[in-house]
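In: kindly generate the corresponding structure for this input.
(2 chains)
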Protein chains: 2
Amino acid sequence: MITVAFPKGSLLKQSIHQFQQLGYDFSDFLDSSNRQLQIRDRSNRASGLLVRTQDVPVYVEYGQAELGIVGYDVLREKRPRVAQLADLGFGGCRLSVAVQAQSAYRSALDLPPHCRVASKFVNSAREYFQGLDLPVEIVPLYGSVELGPITGMSEAIVDLVSTGRTLKENHLMELEVLYTSTARLIAHPLSYRLDADGLGDLIDKLRGLSWEPVTG
Amino acid sequence: MITVAFPKGSLLKQSIHQFQQLGYDFSDFLDSSNRQLQIRDRSNRASGLLVRTQDVPVYVEYGQAELGIVGYDVLREKRPRVAQLADLGFGGCRLSVAVQAQSAYRSALDLPPHCRVASKFVNSAREYFQGLDLPVEIVPLYGSVELGPITGMSEAIVDLVSTGRTLKENHLMELEVLYTSTARLIAHPLSYRLDADGLGDLIDKLRGLSWEPVTG
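Out: I've put the predicted structure just below:
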C-alpha cells in the first residue's frame, strides 16, 4: 500500500484536494478534532501521514512514505535525497530579502558588508550572499523573523513572502527575490524506480491534474 | 530601559507571573487577540519581546534583550553565549530516550548499533549516544517525533517528556533520562556585568522569588 506524507499548514488543504480528485479521501486530516497522524484513505487503498512540512522529505527519504507533498523552499534549503517529480503549481510564494521600508537600501548589494541578516533559511541565505560576494552574518531564527530589523538585531531578513501582508504590517520592504516556491510532488527514489503498488500510474495521474484552488 | 525576551508556549504564563510579582505587567502577551510581539509593561519601566522559545537566547546573545526566560533544554542543545543566572524552578520536564512499549529493550545499551534515533534535539542525542559509545544514526525531525517508531522509521526517539501522556497515547515507554529541564533566567553577559538600568537589582529580585504555580 502506498503511503503519502502530507504537510501540516498552508499546503494541506490543496494537497488533500489533489488526491481527492483521484478518488483518495484523506479529508479526516482537515478535521480539527482529528489527533491521528497516520490514517487510511476512506477507500482503503492508500495510507497518509500528517507531519511538519520540513519533515515530509525525511519520511520520504527514509522510505516510510513513497510519496510526499512539500514546498520547493524546504527542498532547496535542506537538499534531501528524494526524487522531485512534479511542480503541482499551488502554494506559490517567494524567498525574499527585505529591509526596513524607511531605509535607503534599494538592492541587496547596498547592504553594508558584515551586516546581520536574520533568517529561518540559513543555507539559502548564505548561498545567496556568497553568490553576491557580500560577506554577511546570518542570524538563525525559528519564527517571527520580521522582529530582526524591528529590534535592530539585523539589517535585513531573508524570509518567505506570499501576500506581503506581514512585511507591510511590520514596515518592511522587499528588495530581492532569491527564488519562487510552489508545492512539489516528491518520491522515494528506489520506490519510484521499482514502481510497486501502481506508484508510477498514480504519479502520472497527479502530474496530469490541473489544479483548481479550493476555497474556504 | 530593560528588555525581556519571553518564550511563546508552555513557559509563557508562569514567566509573566514571575515578573508580575515584581510589579512588571506583561499580561498583554497572554491575550490571544494580541498580535504585537514587542510591548511595554503597563508601568512603562521595561519592554518585552515575545519570541519562539528557541529564539530567546538569540535575542539575548545579540543584546536586543538584556534578560530572557528559556528552558534549560534549549540552552543545552544550542549552547548560546549567554549568562545563565537562575533556575526558576517551573516548567519541569525531562529529555528522554523512548522506544515502543512492546519492545524488549530495557536500557539504551540494548539498542542495536547503527539503529536510527529520531529527535528534535540532535546535539543532545548525539552527545548522549557518543557517551555510551553506541553508534546510532540521528534522524532530525521538527515535530511529532513519536511518529518515528510508529512508522518504523526509527528504533527509538529522544524527546521532551513532561506528563508522559504523549508517550502513553502512542504506546511508547521511557528507557532513560538524558537530563531534566526547567525554566532558566538568562542575561546578555556584558549587560549583566555593566549592570545598567538596575539590571542587577531586578535579577536579585527574580532570583529571590519563590514560584507558585499559576492555574487556569
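In: show me where chain A has its helices.
Out: A:12-20, A:56-61, A:72-78, A:122-132, A:147-151, A:165-169, A:189-194, A:199-208 (DSSP state H).
In: quick one: contacts of the first one?
Out: Right, the one you point to is helix A:12-20. Helix A:12-20 is contacted by residues A:4, A:6-7, A:25-27, A:29-30, A:41, A:46, A:50, A:69, A:88, A:90-91, A:183, A:206, A:209, A:211, A:213-214 when judged by Cβ atoms under 8 Å, 6 or more residues apart in numbering or on different chains. All C-beta spots, glycine's among them, are computed from the backbone N, C-alpha and C.
In: how close does the spatially most central residue of chain A sit to residue A:124?
Out: When Cα atoms, centre = their mean is applied to chain A, the residue found nearest the centroid is residue A:71 (2.6 Å). From residue A:71 over to residue A:124 the distance is 12 Å, taken as Cβ to Cβ, to the nearest Å.
In: hmm, back to that, can you tell me the closest non-neighbouring residue to the residue nearest to the centre of chain A?
Out: residue A:181 (5.1 Å; Cβ to Cβ, 6 or more residues apart in numbering or on different chains).
In: then residue A:190?
Out: residue A:63 (7.2 Å).
In: OK, contacts around the one you found?
Out: Contacts of residue A:63 (Cβ under 8 Å, 6+ apart): A:188, A:190-191.
In: please parse chain A into its domains.
Out: Domain assignment for chain A, taken from automatic domain parsing, gives A:2-91+A:182-208, A:93-180.
In: now those as a markdown table including mean pLDDT and distance to residue B:115?
Out: Formatted as a markdown table, these follow (pLDDT from 0 to 100; distance: least, Cβ to Cβ, whole Å):
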| stretch | mean pLDDT | distance to residue B:115 |
| --- | --- | --- |
| domain A:2-91+A:182-208 | 95 | 13 |
| domain A:93-180 | 97 | 28 |
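In: what about the closest residue to residue A:93 other than its chain neighbours, how many neighbours?
Out: Of all residues not flanking residue A:93 in the chain, residue A:162 sits nearest, at 4.1 Å (Cβ to Cβ, 6+ apart). Using other Cβ atoms under 10 Å in any protein chain shown, residue A:162 is surrounded by 12 other residues.
In: residue A:162 against residue A:92, yeah?
Out: Yes: applying Cβ atoms under 8 Å, one finds residue A:162 in contact with residue A:92, separated by 7.2 Å.
In: near chain B, which residues of chain A are found?
Out: A:8, A:37-38, A:49, A:51-52, A:54-55, A:58-59, A:62, A:64, A:116, A:139-144, A:147, A:150-153 (Cβ under 8 Å from any Cβ of the partner chain).
In: are any of the residues you listed buried, and if so which?
Out: A:8, A:37, A:49, A:51-52, A:54-55, A:58-59, A:62, A:64, A:116, A:139, A:141, A:144, A:147, A:150-151, A:153 (16 or more other Cβ atoms under 10 Å in any protein chain shown).
In: give me the sheet partners of the longest strand seen in chain A and which way each runs.
Out: Scanning chain A for the longest strand, with DSSP state E as the assignment, gives strand A:172-181. Neighbouring strands of strand A:172-181 in its sheet, by DSSP bridges, are strand A:93-100 (antiparallel).
In: what's in contact with the strand it pairs with?
Out: A:71, A:73, A:76, A:105, A:108, A:111, A:117, A:121, A:124, A:128, A:149, A:155-162, A:167, A:171-181.
In: can we see that at 6 Å?
Out: Strand A:93-100 is contacted from outside by A:73, A:105, A:108, A:124, A:149, A:156-158, A:160-162, A:167, A:172, A:174-181, using Cβ atoms under 6 Å, 6 or more residues apart in numbering or on different chains.
In: again with stretch A:105-115
Out: With Cβ under 6 Å, 6+ apart, stretch A:105-115 has contacts from A:97, A:99, A:135-136, A:155-156, A:175-176.
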